[in-house]
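K.L.:
quick one, what's the 3D model for this:
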Amino acid sequence: MLRRFTALEKLQKRWTSARVMVKIDETVNKQIESDELHPKRHPGIIKSKAIELPKWVEKAMVEAAADHPMKPLRQAAGVLANYLNQRHPPMEKHDFINKVTEVQELMTRNIDLSKLSTKEIDEFWSRNQNKVKIKLKQKVYAWAPVEYDAYKSLCYMLARGAQEYSVLHRIFKEIHLADEEFQPKTLFDFGSGIGTVTWVASQFWIKSLQEYYCVDSSGDMNQLAESIIANHPSKLKEVYFRQFLPSSSKIKSDIVVSAFSLFELPNVQARLDVVLNLWMRTNNYLVIVEQGTNAGFKIVNEARDFILNMSIESLETDNPNPFHVFAPCPHDTICPRYIIDTTPCNFESSYFNALVGKQTEIKKERFSYVVLKKGERPADDPQWPRIVRPCLFRSKHIVCRMCTGTGKLEEIVFTAAKHGKPLYKCVKNSDWGDKLPLQIINPKEPDSND
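P.N.:
A predicted model of the protein is given here:
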């Protein structure tokens, strides 16, 4: 009987089989063999168990929503969540012009306009202007910025609070684990919303952080964020909320974050202007994260490429400004994701939904992100491969899809017999989003198995 492939396996069959040799990181191998380290806790593991909102946040959410009937509020939050998840960035002017031309050619494919007078052509378009508008609506995404008033801010709190907290917790945890010496004193949050960045940052660096600077264009959203953060058990004092970016970028912060905010900007130029502004504001890290859709990944990768190209140009001058991609990429080259297929580079976090008027349950949130760090990549950075798709666990072998330090996507089938028990056990305890403590010895050109 023929076995049917799952949808995931069909997708992953598009990958190429890479004939590469790998070996476990020597330090990790010695630690495992001496029982100093268990493979379940190898240093490449990043993925956490389901993240739960702090009790003080849940309490603040309940208080914030207390004056509103819960059922319609939850329904409105669900509608908003669906809209945000299906969102696309606004179409650029040149793309819109191309769509108009496409519609016009479609409307006139059976008409020879060269045989008509100017007056007849004008009359034709006058008669068919409604048809043109209808066809354009079918081809052009109707983007508009979301205006967050007091009620819609509450909807956002219920729709996105727990998800964003879990995603940011995972990203900040990765920074914290890999860079224990990093003790930020200042944080800058662009598009701060209900304050999730501040909530999470205070979980990891509360002893060192002395200032949280939050910018969101919605005054109502800022008020809600202030009311929530007022419940923080440590009574954070140096938390500032503003509606506009400061005019000067000379005052820098140790970590700068844009979380789920770039979709609100009207075009590519506006997004890149903000990314440049944020990059100029950070002393160390810039974190950019969006939802894990194709549209979200494209915006994240757009920002990554922009900073990468800018850095390359600076290296050609007398005033170089080196940087490196801290996560998720183990390399600083162009992203190879779309070379393989049309799916985004994304990851997954688990979370408990907010308890406000609803029974708790574990859910998952997909996200795309990049963490950029100023300065050269450390010479001792092992650049371990990142697992970028769910592993396929089979009898006596595991199939892993990874992004490597050479900027390539590789598929490796791990077995205990071929790769040794320590490495196999590390792979067995790893999954989507984790790094594998190994080195690729001799990467070769892959053979297509399409």
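K.L.:
which parts of stretch 273-293 are buried?
P.N.:
Burial within stretch 273-293, assessed by neighbour count using 16 or more other Cβ atoms under 10 Å, is assigned to 274-275, 278-279, 281-282, 284-293. Where C-beta positions appear, they are placed from N, C-alpha and C, glycine not excepted.
K.L.:
please apply the same query to stretch 51-69.
P.N.:
By 16+ other Cβ under 10 Å, the buried positions in stretch 51-69 come out as Ile51, Glu52, Leu53, Pro54, Trp56, Val57, Glu58, Ala60, Met61, Ala64, Ala65, His68.
K.L.:
and the third one, how far is that from Leu177?
P.N.:
Put plainly, it is Leu53. 21 Å (Cβ to Cβ, to the nearest Å).
K.L.:
again, but for the first one
P.N.:
For Ile51, the distance to Leu177 equals 15 Å [Cβ to Cβ].
K.L.:
and what of Lys235?
P.N.:
Distance from Lys235 to Leu177, by Cβ to Cβ: 28 Å.
K.L.:
neighbour count winner among these two?
P.N.:
Applying other Cβ atoms under 10 Å to Lys235 and Leu177 shows that Leu177 carries more neighbours, namely 12 against 8.
K.L.:
buried set for the helix or strand where that one lies?
P.N.:
When elements are assigned from DSSP states H and E, Leu177 belongs to helix 150-178. Applying a neighbour-count criterion of 16+ other Cβ under 10 Å, one finds 152-175 buried in helix 150-178.
K.L.:
which SSE is immediately downstream of it?
P.N.:
Next element after helix 150-178 (DSSP H and E): strand 186-190.
K.L.:
neighbouring strands - and their directions - for that next one?
P.N.:
Partner strands and pairing direction for strand 186-190 (DSSP bridges) are strand 211-215 (parallel), strand 253-259 (parallel).
K.L.:
report the contact partners of Ala159.
P.N.:
Ala77, Gly78, Leu80, Ala81, Leu84 (Cβ atoms under 8 Å, 6 or more residues apart in numbering).
K.L.:
okay if I get the residues you listed as TSV plus secondary structure and distance to Leu308?
P.N.:
Shown next, in TSV, are those (DSSP: H, G, I helix; E, B strand; the rest coil; distance: Cβ to Cβ, whole Å):
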residue	secondary structure	distance to Leu308
Ala77	helix	37
Gly78	helix	38
Leu80	helix	33
Ala81	helix	32
Leu84	helix	28
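K.L.:
by neighbour count, which of those wins?
P.N.:
Scoring the contacts of Ala159 on neighbours with other Cβ under 10 Å, the highest-scoring entry is Ala77 at 23 neighbours.
K.L.:
can you pull the contacts of that one?
P.N.:
Leu154, Cys155, Tyr156, Met157, Leu158, Ala159.
K.L.:
for it, give me the pLDDT.
P.N.:
pLDDT recorded at Ala77 is 94.
K.L.:
with Val289 instead?
P.N.:
Val289 is given a pLDDT of 98.
K.L.:
where's it, which helix or strand?
P.N.:
Val289 belongs to strand 282-291, assigned by DSSP H and E.
K.L.:
counting contacts, what elements does that strand pack onto?
P.N.:
Strand 282-291 sits against helix 150-178, strand 253-259, helix 268-281, helix 294-315, strand 362-374, with contacts defined as 3 or more Cβ pairs under 8 Å, 6 or more residues apart in numbering; DSSP states H and E.
K.L.:
need the ones you listed in JSON lines (columns: distance to Glu411 and mean pLDDT).
P.N.:
Putting the helices and strands packed on strand 282-291 into JSON lines (distance: least, Cβ to Cβ, whole Å; pLDDT from 0 to 100) gives the following:
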{"stretch": "helix 150-178", "distance to Glu411": "24", "mean pLDDT": "96"}
{"stretch": "strand 253-259", "distance to Glu411": "32", "mean pLDDT": "97"}
{"stretch": "helix 268-281", "distance to Glu411": "32", "mean pLDDT": "95"}
{"stretch": "helix 294-315", "distance to Glu411": "20", "mean pLDDT": "86"}
{"stretch": "strand 362-374", "distance to Glu411": "21", "mean pLDDT": "95"}
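K.L.:
fine by me, thanks again.
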